[in-house]
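*Asks:* Sequence and computational prediction follow.
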Amino acid sequence: MLTWNTIVLTCLAYVTVLFTIAFWAEERARQGHLSWLRSPLIYTLSISVYCTAWTYYGAVGSAARGGLDYIAIYLGPTITFVGWWFLLRKLVRIAKEQRITSIADLLSSRYGKSTRIGVIVTFIAVIATTPYIALQLQSLTVSFAVFSTLVEGDVSPSVDRITAFWIAVGLALFTILFGTRNVDANERHYGVVTAIAVEAIVKLVAVISVGIYVVFQLSEGPADVFAGPVAEELLTSAEFGPRWVTLLFLSATAVICLPRMFQVTVIENVDERHLATAAWAFPLYICLISLFVLPIAITGLELMPAGTNPDLYVLTVPLLTGQNTLALLAFLGGFSAATSMVIVSAIALSTMMSNHIIMPVWIWLNTHQPKASGDVRGALLISRRVSIGVILGLGYIYYRLTSGSEALASIGLISFLGAAQLLPSLVAGLYWHGATRTGAICAVIAGFVTWAYTLFLPSFGGDFILSARTLVEGPFGIGLLKPQDLFGAGIADPLVHALVWSMIFNVGTLITGSLMSRQTRLEPLQAEAFIDVFETRGDGDAMRFTRTANAEDLFELAQRILGRETAHRIFSEIARSQGKLYGLPDPGPDLTARLERELAGAIGAASAHAMVSQIGGQGSVSVGELIRMADETAQIVNYAQELEAKSQELEETAAQLRRANAQLTRIGEQKDAFLSQVSHELRTPMTSIRSFAEILRSTDTLEAEQTARFTGIIHEESMRLTRLLDEILDVSVLESGRVALRRDRLELADVLNQAIASTEALTEKHGIRIVRALTPGLMVEADVDRLAQVMINVISNAVKYGRGDPPEIHISSHTADTSVLLDFSDNGPGIPKADQGRVFEKFARLGESTLAGSAGLGLPISREIMKNLGGDLELLAEGPGATFRLRLPNPDARRTAAE
Amino acid sequence: MSRPPDTPEGANEPSTGSPRHNRARDIAVLLPIVALLLFLPPFISVFFSTGLVFGVPMILAYVFGVWLLLILATRRLSRILIETETSR
């Protein structure tokens, strides 16, 4: 038979074992035997601190009250861990790189090493965790009471209170002993973590033993358990509505946001690879823990007398059936669950309190004494110990206030939702560059206030701040503001109601607040260090400033916070890396940056930043300098961009110059060719004029007839010379575009007739037939003489080169779009493809069949005229003969278009 | 088999950027989403029945079955991811 003494003695023995284990682990860690202590197994088991007394007792109670809610509480963390590759891995990596000490520190660090946000988050975390700690005290007390009732009959409430009080004191002692041995969060709590891991095994073994006993001893296997009407009744009441989704969300969140979960999962992680193991091992653990919950609940309902607290079935079922050893094991399991949770929570919260509330106050008090006396390290440790006492005291007070009336599960969920208020700012901090400090602070406060108003304060049932009347009628009788039915949304479940509104206010405020505020100077740097933690390898180089704090001062500071040994080790490491074999390292940005990181591991990022800056003295890390540096950087960036733009511009100019140069060279070559052609063309008639003139001068005996013929030749040659010079002038004038041609409205046929008449002598001489196919009444705007000149040129060209047998020239007109086209086609041999590009070059006479009187300027001049008239002269590629096309703008088409 | 003989030992081990690693990362994105969907209505409601499967209510068999599969899948996936991560 179990006696009260047996229970107490067992507890004491168990605690002694835990002490021994914790002590042994600390010793081994001190000696450097870390391999076993740093295994993924220990890590996974320590995460199981998620399974508290609430889980242990409360899950069965929840299952017995109906529904499968308890499963959702376990499925949420499973999903978070299955998705470890994103959120958890990033958190762990950031925590390592930035030496994060708690979730408050993480948010503070991300939002510009802000002290204010650290204070707010710490405050919220303490408030949200208090009910949870009270819950553990309550479940411990109740489980003790089960045994004492059994032994001594009814227990008075005062005995309960005394039990709870001594449990709180005992837990505080254990936590202080093993949780505050050192101040650096990165020198992990090996003792505590190992003890927690042992407790995790006890929990699992206990609940599975009870489960197996229930399923295979009290019943005949699972089929027998689920066959009864109770099972059917329990399961039919299950629902997968909004509450189910809410529970999934909350539990998935809690595994990150609850301070103790953040502590074991992120801070106590020594190796990212352990996370990969925990990703499947932790879900497996909670899967096993929850496996027997429903069978125990069903058996409890079937066996126990009505009115028994279903929360305690794990204990009472073995007791009722006389399995005292099993009951004792179950009791130890519950004891483990409760103690481990309280210990880890107290450590996490005390770190937050000392780093974010006590340290900033200490720094503030010492503002005017940069080298303030006093042992910071000792102060830190004392502040943490006091914090642990305060936290457990608050939990005890809450327990007394609520007097253990509520079902376990609902208390836990209040905590979950409280902690979930940190999630939006946390996730935004990890993935959104634009999230600002103001946005985060407002969001956390908005979410917290909504949570307190809609869920936390109503949980006191009208005894605390909010009166019972306010709960029913709303404050001042305003129905829209009823705490549990805000704005008359009609959400029946208070948890779902509180979640919906708090998240709406939280996320809404975060987004609008961030969009409407500006980031402080440090924030963009920290945001980048957080968001791109996997891209930027190395440790926060972005954070290096030129700070020239005195090395002695820094050493003194480090010594006071980290302790003599650690400070000495760090400083000699830095000195060695600087190449100094002894003495203090040279002061410099790397020293201060490294020291700040080391200090951040002990007292949080914001405090470390403030302290190092303060020690720097003379405002050596003044905001002014930061701004100047930022400005300089911006200037350099601007300058570089300008340079880049300029060099691009230069490159473009150079390319243009090269192009222009090439063109000039080509034009120069053309000019040379042109000049030599011109001189050659001028030379031929000049030669004949000179020789005939010489004959006339030196010979007196010439007959009159001969003289007449010679002077005739001279006249003809000088005429040709004049014509040639005219043409050259024409070309140069037309090419320069300085000539303004008349634009008269003409009928195309008239001009053509004029041209044909002018060439009649030529065509008749060669017996060429001209075939015309003209659209009557086709009008153009042109200079009549010039246009006729072009036609004459083209016709004479056809006469010269394009004679077929019998020779014919076809002239036809078309209108195309906005142009009038006039084609001159001969039936000669056509122009070879190779020469087609050259016909418009000056002095380009194709082949050798040059006819006298042509300098080869006809076609180039014609083309220039056509261009000056707004049209063109083209050679059509198709055969059989050569076809020249005159293109002129169609004045009528233009008019039609204009209309 | 068709590997050239001079390929160094372990050259075909997965590394960051290898198809195997990329696929593992894709699945790592997908798995929590799939897990969530499987535990949300309408999926979970479909299996919501008190009928017994091997002596266990259908809904329990479903939840614990999916749970176990998720654990196995994550275990396999984590090994691939961490193996490629550390071999870098």
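*Replies:* In hand now; what should we look at?

*Asks:* all helices of the stretch 601-750 of chain A, in order?
*Replies:* Under the criterion DSSP state H, counting those that start in this stretch, the stretch 601-750 of chain A carries helices at the ranges A:605-616, A:623-698, A:704-736, A:748-758.

*Asks:* Point out the most buried one among the ones you listed.
*Replies:* Each of the helices of the stretch 601-750 of chain A was assessed for mean neighbour count using mean count of other Cβ atoms under 10 Å in any protein chain shown. The highest is helix A:605-616, with a mean of 24. The way it works is simple: take the backbone N, C-alpha and C, and place the C-beta from them, glycine included.

*Asks:* how about the helices of the stretch 601-750 of chain A in CSV, adding mean pLDDT and distance to chain B?
*Replies:* What follows is the helices of the stretch 601-750 of chain A, written out as CSV (pLDDT from 0 to 100; distance: least, Cβ to the nearest Cβ, whole Å):
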stretch, mean pLDDT, distance to chain B
helix A:605-616, 68, 27
helix A:623-698, 78, 31
helix A:704-736, 82, 63
helix A:748-758, 85, 72
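
*Asks:* can you list contacts of the helix or strand of chain B with the lowest mean pLDDT?
*Replies:* Ranking every helix and strand in chain B by mean pLDDT, DSSP states H and E puts strand B:52-53 at the bottom, with a mean of 72. With Cβ atoms under 8 Å, 6 or more residues apart in numbering or on different chains as the test, strand B:52-53 has contacts from A:Ala223, A:Phe226, A:Ala227, B:Met58, B:Ala61.

*Asks:* follow-up on the earlier one: now the helices of the stretch 601-750 of chain A as CSV including distance to A:Gln559?
*Replies:* Formatted as CSV, the entries for these read as follows, by distance: least, Cβ to Cβ, whole Å:
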stretch, distance to A:Gln559
helix A:605-616, 12
helix A:623-698, 27
helix A:704-736, 90
helix A:748-758, 106
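
*Asks:* Show me the one of those that comes nearest A:His433.
*Replies:* For those, distance to A:His433 was read as Cβ to Cβ. The smallest value, 16.7 Å, belongs to helix A:623-698.

*Asks:* so how far is that closest one from its chain's centroid?
*Replies:* Centroid displacement of helix A:623-698 relative to its chain, using Cα atoms, centre = their mean, to the nearest Å, is 49 Å.

*Asks:* That helix packs against which elements?
*Replies:* Using 3 or more Cβ pairs under 8 Å, 6 or more residues apart in numbering or on different chains; DSSP states H and E as the contact criterion, the secondary-structure elements in contact with helix A:623-698 are helix A:704-736.

*Asks:* So which other helices or strands are in contact with the helix it packs on?
*Replies:* Counting contacts by 3+ Cβ pairs under 8 Å, 6+ apart, helix A:704-736 packs against helix A:623-698, helix A:858-868.

*Asks:* Packing partners of the last one?
*Replies:* Okay, so that is helix A:858-868. With contacts defined as 3+ Cβ pairs under 8 Å, 6+ apart, helix A:858-868 has these neighbours: helix A:704-736, helix A:784-801, strand A:872-876, strand A:883-889.

*Asks:* Would you mark the buried spots in the helix or strand that contains A:Leu329?
*Replies:* A:Leu329 is located in helix A:324-353, with elements delineated by DSSP states H and E. Along helix A:324-353, these residues count as buried under the neighbour rule (16 or more other Cβ atoms under 10 Å in any protein chain shown): A:326-353.

*Asks:* Stretch B:23-41 too?
*Replies:* Neighbour-count burial for stretch B:23-41, with 16+ other Cβ under 10 Å as criterion, is recorded at B:Ala24, B:Arg25, B:Ile27, B:Ala28, B:Leu31, B:Pro32, B:Val34, B:Ala35, B:Leu36, B:Leu38, B:Phe39.

*Asks:* Now chain B against chain A: closest residue?
*Replies:* Shortest chain B-to-chain A distance, computed as Cβ to the nearest Cβ: residue-wise this is B:Gly55, at 2.7 Å.

*Asks:* List just the one of the helices and strands packed on helix A:704-736 that sits closest to B:Gly51.
*Replies:* Distance to B:Gly51, taken as Cβ to Cβ, is lowest for helix A:623-698 among those, at 67.7 Å.

*Asks:* just the angle between the closest one and helix A:704-736, please?
*Replies:* Helix A:623-698 runs at 170 degrees relative to helix A:704-736, counting by axes from the mean of the first three to the mean of the last three Cα atoms, to 10 degrees.

*Asks:* Spell out which parts of chain B neighbour chain A.
*Replies:* Among all residues of chain B, those adjacent to chain A (criterion: Cβ under 8 Å from any Cβ of the partner chain) are B:25, B:28-29, B:31-32, B:35-36, B:39-41, B:44-45, B:48, B:50, B:52, B:54-57, B:59-60, B:63-64, B:67-68, B:70-75, B:78-79, B:81-82, B:85-86.

*Asks:* Please produce a ChimeraX select command covering the buried subset of the residues you listed.
*Replies:* Here is the ChimeraX command that selects only those of these that count as buried (16+ other Cβ under 10 Å):
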select /B:25,28,31,32,35,36,39,44,48,50,52,56,57,59,60,63,67,70,71,73,74,75,78,81,82,85
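
*Asks:* Any idea which residue is closest to the centre of chain B?
*Replies:* B:Ala73 (2.9 Å; Cα atoms, centre = their mean).

*Asks:* Which strand or helix spans the nearest residue to it once chain neighbours are set aside?
*Replies:* Closest residue to B:Ala73 in three dimensions, ignoring its sequence neighbours and counting by Cβ to Cβ, 6 or more residues apart in numbering or on different chains: B:Leu31, at 6.2 Å. Using DSSP H and E, B:Leu31 sits within helix B:19-38.

*Asks:* Give me the contacts around that helix.
*Replies:* Counting contacts by Cβ under 8 Å, 6+ apart, the residues touching helix B:19-38 from outside are A:78-80, A:82-83, A:85-86, A:248, B:14-15, B:43-44, B:66, B:70, B:73-74, B:77, B:80-81, B:84.

*Asks:* can we see that at 7 Å?
*Replies:* Here helix B:19-38 makes contact (Cβ atoms under 7 Å, 6 or more residues apart in numbering or on different chains) with A:78-79, A:82-83, A:85, B:14-15, B:43, B:66, B:70, B:73-74, B:77, B:80-81, B:84.

*Asks:* how far is it from where the chain is centred?
*Replies:* Taking the mean of its C-alpha atoms, helix B:19-38 sits 7 Å from the chain's own mean (Cα atoms, centre = their mean).

*Asks:* Same check on stretch B:44-62?
*Replies:* Taking Cα atoms, centre = their mean, the mean C-alpha location of stretch B:44-62 is offset from the chain mean by 23 Å.

*Asks:* how far does it stretch from start to finish?
*Replies:* In terms of Cα to Cα, to the nearest Å, the two terminal residues of stretch B:44-62 are separated by 8 Å.

*Asks:* how near is A:Gly881 to A:Gly601?
*Replies:* Look at A:Gly881 and A:Gly601: by Cβ to Cβ, to the nearest Å, they are 95 Å apart.

*Asks:* Where does pLDDT dip in chain B?
*Replies:* Confidence mapping of chain B against pLDDT under 70 gives the ranges B:1-17, B:49-50, B:85-88.

*Asks:* ok so, going back, show me the one of the helices and strands packed on helix A:704-736 that comes nearest A:Phe292.
*Replies:* Nearest to A:Phe292 among those is helix A:623-698 (59.0 Å), distances taken as Cβ to Cβ.

*Asks:* My understanding was that A:Ile347 contacts A:Phe262; is that so?
*Replies:* No. Taking contacts as Cβ atoms under 7 Å, A:Ile347 lies outside contact range of A:Phe262: 11.4 Å.

*Asks:* burial count for A:Leu515?
*Replies:* 11 (other Cβ atoms under 10 Å in any protein chain shown).
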